[in-house]
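[1] Next come a sequence and a model predicted from it.
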Amino acid sequence: MGNVKIGLEVHISLNKGIRTKMFCGCKLPAKPEPNTNCCPVCLAHPGAKPVFNRQVLKHALKLAIALNCGIAKQAIFSRKTYFYPDLPANYQITQYEFPLGTGGYVDLGNKKVSLKRVHMEEDPAALIHPGGVGNAAFTLIDYNRAGTPLIEVVTEPDIESAEDAREFLKKLLSIVEYLGIYDNSTGTMKADANISIRESGYTRVEIKNISGFKEIESALFHETERQMQAAGNNEMIIQETRGWDALLQKTYQMRKKEDEDDYGYIAEPNLTVIDITEEMIDEANKEVPELAQKKAKRLSDNYSISPEDANALAMDMELAELFEKAAKEIDPVFAARWLRKELVAVMKQSKRKIKAAKFDEKQLILLLKMLEKGGLTDVTARELLERLSKKSFDVEEYVKKHELEAVSDKGELRRLCSEAIEDNPKVADDFKAGKEEALNFLVGKVMKKTKGKAKAGETKEIIADLLKQGTEK
């Protein structure tokens with residue numbers, strides 16, 4: 001048993017492959033004006049009755065299967081009663097006694113995180129606190145979000161660190177994106193975290209509504225430190241619910257922790273029980289694609305790339321598909337290195353996903369082929385890759401027009417290296433005196449003369465050879 005026990009309740013908005021909200025005909029909002037995408041059902045007007053969106057069940061079944069869960073025989077909904085402005089009906093339609101999926105796990109590689117349940121529920125309205133939760137003079141409510149479909153994934157307290165929690169969420173994100181039920185660019189993945197430490201006898205503290213993987217990791221790290229410090233000062237740690245202030249980077253008390261019984265769950269009388277047949281499960285199973293973990297093993301086995309590269313590629317479905325296309329035309333190991341490191345770095349810099357890039361896949365592969373054959377330097381290739389991610393163009397034509405081909409004439413390169421040595425005699429003497437960094441300085445001079453078209457490795461070898469032999473013209 002570890003010193004820290006963490007359980008997560010992850011809420012994932014189903015915003016891909018579904019057109020309308022969970023119980024009404026309102027379209028899933030992209031970013032409409034506040035309170036313009038509502039109807040009597042999602043605003044809980046008297047007499048308005050919910051009608052279940054069956055596509056939500058199909059999505060939920062796929063996720064429960066992908067998470068290795070046992071599937072319930074029936075889909076049954078309950079009312080979770082609590083009084084808060086984000087719930088116009090004063091209850092949330094969810095699943096309690098009979099979740100859709102039970103058990104299951106997510107494999108982190110070094111360990112498996114067991115799951116307690118996977119269930120469907122509606123999202124409450126969005127509360128906006130101008131100036132932050134603690135400083136807001138008033139609260140705004142946007143009911144556009146009310147009634148949008150959610151899947152909640154609840155773990156057992158198997159997670160032992162903030163880092164493992166972030167890894168779990170990355171794996172979960174990869175799964176829902178592979179399944180085609182979630183788009184991270186427009187959807188939200190939020191988490192409530194239960195955290196306890198051995199020193200308190202594992203008294204559970206909940207942190208509510210944390211958005212973003214980085215913030216979840218920060219909140220868990222802070223709360224662990226807070227509890228450790230309190231235990232060290234012999235302060236009592238109580239069971240409570242705390243919020244996370246992202247601006248101040250600390251948790252704060254919201255209320256003493258309530259139990260599930262306090263919510264007054266009752267069966268939802270306006271929705272019928274839905275039988276989940278073997279045919280429905282088989283149909284959902286057929287739509288579950290090869291997921292990241294299996295894909296990573298196949299990529300490693302079939303293309304002889306390292307497990308590290310295979311895992312990094314497989315975590316992003318679009319990146320993995322791009323790699324397999326490139327591997328048909330160039331060396332797979334070379335392709336894996338450039339796509340996994342250089343392309344991903346370009347995407348991170350522009351804060352975009354691979355699928356959002358505007359590059360032409362054929363032109364990208366052509367760029368890599370030219371690089372592999374020695375027609376481009378690494379520096380030039382990186383610049384072209386960045387340009388290609390913003391706008392498609394004919395790489396071969398562009399390289400010729402701007403004379404970007406790598407310097408392939410070894411005689412010419414040797415002459416330029418000799419010039420660099422002659423122009424910087426003190427630096428050359430420093431290298432001869434044992435200062436290795438002097439060599440990099442001379443390489444930089446040659447790279448500048450060739451406008452980055454000389455190959456750094458080859459240039460370095462030539463300069464080192466010339467310095468050992470004595471300067472040549």
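    That came through, no problem.
[2] ok, now which ones touch the spatially most central residue of the chain?
    Relative to the mean C-alpha position of the chain, the nearest C-alpha, by CA atoms, centre = their mean, is the one of residue 170, at 5.1 Å. Neighbouring residues of residue 170 by CB atoms under 8 Å, 6 or more residues apart in numbering: 213, 315. Just so you know, the C-beta spots here come from the backbone N, C-alpha and C atoms, and that holds for glycine as well.
[3] name the element it belongs to?
    Residue 170 belongs to helix 162-178 when assigned by DSSP states H and E.
[4] residues of that helix that come out buried?
    Residues 162, 164-169, 171-178 are the ones in helix 162-178 that count as buried (16 or more other CB atoms under 10 Å).
[5] For the stretch 251-400 of the chain, which segments are assigned as strands?
    266-267, 274-275 (DSSP state E, counting those that start in this stretch).
[6] which stretch in the ones you listed has the least confidence?
    Per-stretch mean pLDDT for these is lowest at strand 266-267 (a mean of 92).
[7] That strand packs against which elements?
    Where contact means 3 or more CB pairs under 8 Å, 6 or more residues apart in numbering; DSSP states H and E, strand 266-267 is packed against strand 78-81.
[8] Please point out which parts of the strand it packs on sit buried.
    Taking 16+ other CB under 10 Å as the criterion, strand 78-81 shows 78-80 as buried.
[9] what does it contact?
    With CB under 8 Å, 6+ apart as the test, strand 78-81 has contacts from 90-97, 121, 263-268.
[10] in terms of contact, does residue 384 touch residue 398 like I think?
    Yes. Counting by CB atoms under 8 Å, residue 384 does reach residue 398; the two are 7.3 Å apart.
[11] the more surrounded of the two?
    For the pair residue 384 and residue 398, the greater number of neighbours falls to residue 384 (22 against 15), based on other CB atoms under 10 Å.
[12] Check what pLDDT the more buried one gets.
    Model confidence at residue 384, given as pLDDT, is 90.
[13] Name the nearest residue to it, ignoring sequence neighbours.
    Leaving aside its chain neighbours, residue 384 sits nearest to residue 367 (5.6 Å; criterion: CB to CB, 6 or more residues apart in numbering).
[14] For the one you found, which residues are in contact?
    376, 381, 384-385, 388, 395.
[15] thinking again about what came up before, distance to residue 371 and mean neighbour count added to the strands of the stretch 251-400 of the chain, as a markdown table?
    Putting the strands of the stretch 251-400 of the chain into a markdown table (distance: least, CB to CB, whole Å; neighbours: other CB atoms under 10 Å) gives the following:
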| stretch | distance to residue 371 | mean neighbour count |
| --- | --- | --- |
| strand 266-267 | 63 | 12 |
| strand 274-275 | 55 | 12 |
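[16] Now do the same contact list for residue 99.
    Residue 99 neighbours (CB under 8 Å, 6+ apart): 72, 117-119.
[17] Closest one of those residues to residue 327?
    Nearest to residue 327 among those: residue 118, at 34.9 Å, using CB to CB.
[18] Do I have it right that the closest one meets residue 151?
    Yes. Residue 118 lies in contact with residue 151 (CB under 8 Å); the separation is 6.6 Å.
[19] which residues are common contacts for those two?
    With CB under 8 Å, 6+ apart, residue 118 and residue 151 have common neighbours 60, 63.
[20] quick one, which of those two is more surrounded?
    Counted by other CB under 10 Å, residue 118 and residue 151 do not tie: residue 118 has more neighbours, with 29 against 23.
[21] what about the more buried one, distance to residue 91?
    According to CB to CB, to the nearest Å, residue 118 and residue 91 sit 21 Å apart.
[22] What of residue 221?
    In terms of CB to CB, residue 221 sits 35 Å off from residue 91.
[23] Between those two, tell me which one has more neighbours.
    Just comparing residue 221 and residue 91: by other CB under 10 Å the higher neighbour count belongs to residue 91, 19 against 16.
[24] Tell me where the longest helix sits in the chain.
    For the chain, the helix reaching the highest residue count under DSSP state H is reported as helix 213-232.
[25] hang on, residue 226 packs against residue 253?
    No. Checked against CB under 8 Å, the pair residue 226 and residue 253 is beyond contact range at 10.9 Å.
[26] The stretch 151-300 of the chain: helices as residue ranges?
    162-178, 213-232, 278-286, 292-303 (DSSP state H, counting those that start in this stretch).
[27] An error on my part: the question was meant for the stretch 1-150 of the chain.
    For the stretch 1-150 of the chain, the helices defined by DSSP H, counting those that start in this stretch cover 54-66.
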